[in-house]
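Novice: Turn this into a model:
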Amino acid sequence: MPQAKTKAGRSIPAPSPMPPSPSTRSTATAPPAKTPPSARNETGTQAIDRAMAVLFAFRADAPARRALDLSQELGLNKSTVYRLLQALANSGLVRRPSDASGLYRLGPAVLDLADAFVTNLDLKAEARPHLEQLVAAYGESVNLAVVDGTDAIKIDSAQGTRTPQLMSRLGQRIPLVCSAAGKALLLDHSDAELREVMTARPVGALTSKTVRSGSELVKHIRAARKNGWTLNDEESEVGMRAIGAPIRDRSGRIVASVSLSAPSFRANDQQLEVVARGVKLAAAEISKALGNRETLAEGGAGHGQKTA
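Specialist: Numbers count the residues shown, from 1 in each chain. All right, here's what the predicted structure looks like:
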């Protein structure tokens, strides 16, 4: 039947034909209906849903679970729960029982997922406003860095407004042992671990002040722990100083660092404490944004005053 059109030219759906009367309906057997794609995939989707239910049954108040307990709690057959647990264990999301207790626990892959979310998704976005605030307060360049092997690698920066400035680029690497950002990433390392880093990444004499031995690095880090901030005192470039502070995640682990660089004549000894309070505060605020509730910033509510 042709479709009528409105004044605007839009088609009006034609009425459906009337169904045949009972006397005229065909008596032939109708072919079986085809299974829709959604129904064919239901088993796979259901398995994923059940696996996620098992995974999320591990909670802070129930960190270790038996297959039988999960079966009763989730209303699933014990054999089904067991198969799901084995699949999750093969992916590292669950750890198999290490003794006769039959208790399963969350596996290390859960931490990998959490780290990927916090570090790669949130860090730069949460840190950016604080980097810009430091630049506004001091006029100096600010960098955000993470550890990569024995190097600190810059993943974001905010360029200073004063001249001269130390120019840096994203992705730039610098040894952990001779940068403020790198030392901040090492603050939780033991003395033995610090010596291992020094051995694994020998650094030449970039300047006369470059840290060259494990014992010297240990001395620097011990002092930095007391202060809560690190100093690069012309150790990587003559005439430049930098102050760094660690950024911690929800667990308290150091995941990044923030650092501010300035010419030595502006970052003089009288200004170091002032600038350090601002850098520490910025690191604490970024840590708070990442879920850390233990990092306490010192030095008041603001980021301080510009360097002289």
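Novice: All the strands of this structure, in order from the start?
Specialist: For the chain, strands defined by DSSP state E occupy the ranges 64-65, 94-95, 104-106, 141-148, 151-158, 173-175, 230-233, 240-248, 254-263.
Novice: Flag the shaky bits of the stretch 101-250 of the chain, pLDDT-wise.
Specialist: Applying pLDDT under 70 to the stretch 101-250 of the chain flags the ranges 117-121.
Novice: can you give me the helices for it?
Specialist: Under the criterion DSSP state H, counting those that start in this stretch, helices of the stretch 101-250 of the chain are mapped to 108-115, 123-138, 180-185, 191-200, 214-227.
Novice: quick one, which of those helices is nearest to Gln165?
Specialist: helix 123-138 (10.4 Å; C-beta to C-beta). No exception for glycine: its C-beta is placed from N, CA and C like everyone else's.
Novice: Report the buried residues of that closest one.
Specialist: Within helix 123-138, the residues scored as buried using 16 or more other C-beta atoms under 10 Å are Leu123, Glu126, Ala127, His130, Leu131, Gln133, Leu134, Val135, Ala137, Tyr138.
Novice: Nearest residue to the fifth one in space, please, no chain neighbours.
Specialist: Just to be clear, that refers to Leu131. Distances taken as C-beta to C-beta, 6 or more residues apart in numbering place Ala158 nearest to Leu131, at 4.1 Å, with adjacent residues excluded.
Novice: how about that neighbour, what does it touch?
Specialist: For Ala158, the contact set (C-beta atoms under 8 Å, 6 or more residues apart in numbering) comprises Arg128, Leu131, Glu132, Leu134, Val135, Ser141, Val142.
Novice: Please convert those residues to JSON lines, extending it with distance to Gly102.
Specialist: Formatted as JSON lines, those follow (distance: C-beta to C-beta, whole Å):
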{"residue": "Arg128", "distance to Gly102": "48"}
{"residue": "Leu131", "distance to Gly102": "50"}
{"residue": "Glu132", "distance to Gly102": "53"}
{"residue": "Leu134", "distance to Gly102": "53"}
{"residue": "Val135", "distance to Gly102": "57"}
{"residue": "Ser141", "distance to Gly102": "57"}
{"residue": "Val142", "distance to Gly102": "52"}
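Novice: Closest one to Arg50 out of those residues, please.
Specialist: Closest approach between those and Arg50, by C-beta to C-beta: Arg128, at 40.3 Å.
Novice: still on that earlier bit, most widely separated two among the contacts of Ala158?
Specialist: Arg128 and Ser141, at 14.3 Å, using C-beta to C-beta across those.
Novice: how close does Gly252 get to Ser287?
Specialist: Using C-beta to C-beta, to the nearest Å, Gly252 is found at 9 Å from Ser287.
Novice: Ignore what I typed, I meant Leu272.
Specialist: To Ser287, Leu272 is 22 Å away according to C-beta to C-beta.
Novice: same question, Ala205
Specialist: Distance from Ala205 to Ser287, by C-beta to C-beta: 34 Å.
Novice: Please identify which of those two sits among more neighbours.
Specialist: It is Ser287, of Ala205 and Ser287, that has more neighbours when counted by other C-beta atoms under 10 Å, with 28 against 9.
Novice: Just the pLDDT at that one, thanks.
Specialist: Per-residue confidence at Ser287 stands at 94 (pLDDT).
Novice: One more: Arg10?
Specialist: 46.
Novice: Make sure Leu260 is actually in contact with Gly139.
Specialist: No. Leu260 is not in contact with Gly139 according to C-beta atoms under 8 Å; the separation is 10.1 Å.
Novice: Comparing these two, which residue is more hemmed in?
Specialist: Shown here are Leu260 and Gly139; by other C-beta under 10 Å, Leu260 has more neighbours (30 against 16).
Novice: Enumerate the beta-bridge partners assigned to the more buried one.
Specialist: Val142, Ile243 (DSSP bridges).
Novice: Look up how far Gly107 lies from it.
Specialist: Taking C-beta to C-beta, one finds Leu260 at 39 Å from Gly107.
Novice: Over to Glu196?
Specialist: From Glu196 to Gly107 the distance is 27 Å (C-beta to C-beta).
Novice: Out of the strands of the chain, the one nearest Asp115 is which?
Specialist: Across those, Asp115 has its closest neighbour in strand 254-263 (7.9 Å, C-beta to C-beta).
Novice: by contact count, what packs against that closest one?
Specialist: Strand 254-263 sits against helix 123-138, strand 141-148, helix 180-185, strand 230-233, strand 240-248, helix 269-289, with contacts defined as 3 or more C-beta pairs under 8 Å, 6 or more residues apart in numbering; DSSP states H and E.
Novice: just the angle between that strand and strand 240-248, please?
Specialist: Strand 254-263 runs at 160 degrees relative to strand 240-248, counting by axes from the mean of the first three to the mean of the last three C-alpha atoms, to 10 degrees.
Novice: count of neighbours near the residue nearest to Ser141 when sequence neighbours are not counted?
Specialist: In this structure, Ser141 finds its nearest non-sequential neighbour in Gly160, 4.0 Å apart by C-beta to C-beta, 6+ apart. Residues contacting Gly160 under the criterion other C-beta under 10 Å number 20.
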